[in-house]
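Asks: For reference, the sequence and a predicted model appear below.
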Amino acid sequence: MSDRKGFMTQVREADDRSNNLASYCSNMAPITVKIGLQMVITLIVIVVIAIGVTGLKECPVNSLIPIYLIAVGGVSLTWLVIEVACERCGHDTAKAWFRIVKGVVAFGLFLAGNVWVYGAWGRVDTQDKNLGLNDDYCSPWVFWVAFAQISLSYGIVMLVVCSFLIWGLLMCCIRLCCAKSGELDETSPLKEAAPTTSTEIP
């Protein structure tokens, strides 16, 4: 299957299917976009992990917030590595189970992050860095990155739900309009039987 082919194999096949530069660019576009997205996501995940590691002792308001960043980044990075490494393997059942386990772990971390990050929202101080004296302090990088990650997750979920609702309403409207149009066509005077003309043979 095409999704199990390696990068170089896909590049060679794109070259074989291309007759000119324009067709080669067209065939290479999805491959390049996929690799580019994987690289960007990997870079973002590494940055999140680095922020969590460097801020381990800089969030006394809740020391679990930087751990949350490390855990989320670690799960995401592990998922990316396994998805890329197993792109050509045929263990579909194992990959499916891994995705289920990853989804359960990610959902659990998401719930925990809600409690830890939003729970500190009312009293967190990201300005006064007096470690050991200000128990409400948290590094602005640690807190706001964790806050943005959770809020972005909510935004994506809402966007997906709204998209499905709008799509469903649109399809229902189209079906209703088509049904009404069909009923009108059936009752239209144009649908009445045309008068038949008989020719009498003398």
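Replies: The structure has been received and is ready for your questions.
Asks: And for Val105, nearest residue in space, chain neighbours not counted?
Replies: Val75 (5.7 Å; C-beta to C-beta, 6 or more residues apart in numbering). Placement of C-beta: from N, CA and C, glycine included.
Asks: show me where the chain has helices.
Replies: According to DSSP state H, the chain carries its helices in the segments 7-17, 21-54, 64-85, 92-113, 119, 140-187.
Asks: export these to a markdown table and tack on distance to Thr126?
Replies: A markdown table is the format used below for these (distance: least, C-beta to C-beta, whole Å):
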| stretch | distance to Thr126 |
| --- | --- |
| helix 7-17 | 42 |
| helix 21-54 | 13 |
| helix 64-85 | 11 |
| helix 92-113 | 17 |
| helix 119 | 15 |
| helix 140-187 | 4 |
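Asks: Out of those, which gets the lowest mean score?
Replies: Mean pLDDT per stretch puts helix 7-17 lowest among those, at a mean of 62.
Asks: ok, the residue nearest the centre of the chain - contacts?
Replies: Among the residues of the chain, the one closest to the centroid is Ile156, at 7.3 Å (C-alpha atoms, centre = their mean). By C-beta atoms under 8 Å, 6 or more residues apart in numbering, the contact set of Ile156 is empty.
Asks: how much space between Tyr68 and Trp97?
Replies: Tyr68 sits 25 Å away from Trp97, going by C-beta to C-beta, to the nearest Å.
Asks: phi, psi of Pro60?
Replies: When quoted as degrees, to the nearest 10, the phi and psi of Pro60 stand at phi -70, psi -20.
Asks: That one against Val142, yeah?
Replies: No: the pair Pro60 / Val142 is not scored as a contact, 11.0 Å apart, by C-beta atoms under 8 Å.
Asks: any idea how far the residue lying closest to Ile70 once chain neighbours are set aside lies from Asn134?
Replies: Residue nearest to Ile70 in three dimensions, not counting chain neighbours: Gly52, with 3.9 Å by C-beta to C-beta, 6+ apart. As for Gly52, its distance to Asn134 is 20 Å (criterion: C-beta to C-beta).
Asks: who's more crowded, these two?
Replies: Gly52 (24 against 14; other C-beta atoms under 10 Å).
Asks: who's in contact with that one?
Replies: Gly52 sits next to 66-70, 73, 142 when contact means C-beta under 8 Å, 6+ apart.
Asks: The same query, at a cut-off of 7 Å, please.
Replies: 66-67, 69-70, 73, 142 (C-beta atoms under 7 Å, 6 or more residues apart in numbering).
Asks: Report the two of those residues separated the most.
Replies: With C-beta to C-beta as the measure, no two of those lie farther apart than Gly73 and Val142, at 12.3 Å.
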